[in-house]
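Participant: Here you go, sequence then predicted model.
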Amino acid sequence: MSHDSVMDTLEAIRTRRTVGKSTGDVPRETIAELIEAATWAPNHKLTQPWKFTVVAGAARERLGEVWAREAVADVDPAKRDAIFEGEAKKPLRSPALIIVSVRTDANPVTAEEDLTATAAAVQNILLAAHAKGLSAAWKTGKIVSSAAVKRFLGLDLSDRIIAVVYLGAIAKEEPMARGRKVATTIKWLDEAVLTV
Ligand SMILES: Cc1cc2nc3c(=O)[nH]c(=O)nc-3n(C[C@H](O)[C@H](O)[C@H](O)COP(=O)(O)O)c2cc1C
């Protein structure tokens, strides 16, 4: 591996930004490539606990309906139509969605490790998308715990959806770069003798 490619990785990490609305065609092969990149995430005991469900084209409309129906179940009937319409449109914010889920292992330690490994897999998707010039956003919200949505996607109810990755070729909104804290997040323990 050359030094330059290491620099490219850091550049990708630093310049990736959430772009919540996008348009433009993302070819199936490209999506498959992003998912392949996801699967290289570190994963204790190589349990490969993740699943990637791609929702594109008209299937986004179906997903929107399924979700919106559940979202309005308990709302005031007077507000129902407006909320339904708003929720049903959400999956249309980008041409393709990669819904990343993780199965829930019976062993809680494994389940925790699988969850964190799957978060790393999501980040791989975001970085790979950015490296290829695509727009992407990691979104969650109540949709991720919807039983109707899980059924629609063919997931088990015990699976956890950890990300809805919105993906597009052309950004429809400007990404917003917000500052990060660094110094206050680091504690250096590098002395031979530590005081308590
Ligand atoms: C677990 C998780 C859930 C997120 N859910 C949402 C969401 O529902 N809606 C949204 O707009 N952004 C969501 N984000 C994106 C963050 O808001 C975003 O990463 C943050 O504002 C920093 O912006 P950046 O990604 O451009 O650096 C989520 C990110 C993570 C890691």
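Facilitator: Okay, I see it.

Participant: where does the protein dip in pLDDT?
Facilitator: Across the chain, the ranges flagged by pLDDT under 70 are 1-4, 6-7, 194-196.

Participant: and the closest residue to residue 169 other than its chain neighbours, how many neighbours does it have?
Facilitator: Nearest non-adjacent residue to residue 169, counting by Cβ to Cβ, 6 or more residues apart in numbering: residue 24, 3.0 Å away. All C-beta spots, glycine's among them, are computed from the backbone N, C-alpha and C. By the criterion of other Cβ atoms under 10 Å, residue 24 has 15 neighbours.

Participant: thought residue 24 was touching residue 168?
Facilitator: Yes. Contact between residue 24 and residue 168 holds when scored by Cβ atoms under 8 Å: they sit 5.5 Å apart.

Participant: residues shared between the contacts of those two?
Facilitator: Common neighbours of residue 24 and residue 168, using Cβ atoms under 8 Å, 6 or more residues apart in numbering, are residue 95.

Participant: And the helices in the chain, which stretches?
Facilitator: Per DSSP state H, the chain carries helices over the ranges 3-15, 28-38, 59-71, 77-88, 108-131, 147-153.

Participant: and of the ones you listed, who's closest to the ligand?
Facilitator: Ranking these by proximity to the ligand (Cβ to the nearest ligand atom) places helix 108-131 first, at 7.2 Å.

Participant: tilt between that closest one and helix 28-38?
Facilitator: Angle, helix 108-131 to helix 28-38, by axes from the mean of the first three to the mean of the last three Cα atoms, to 10 degrees: 130 degrees.
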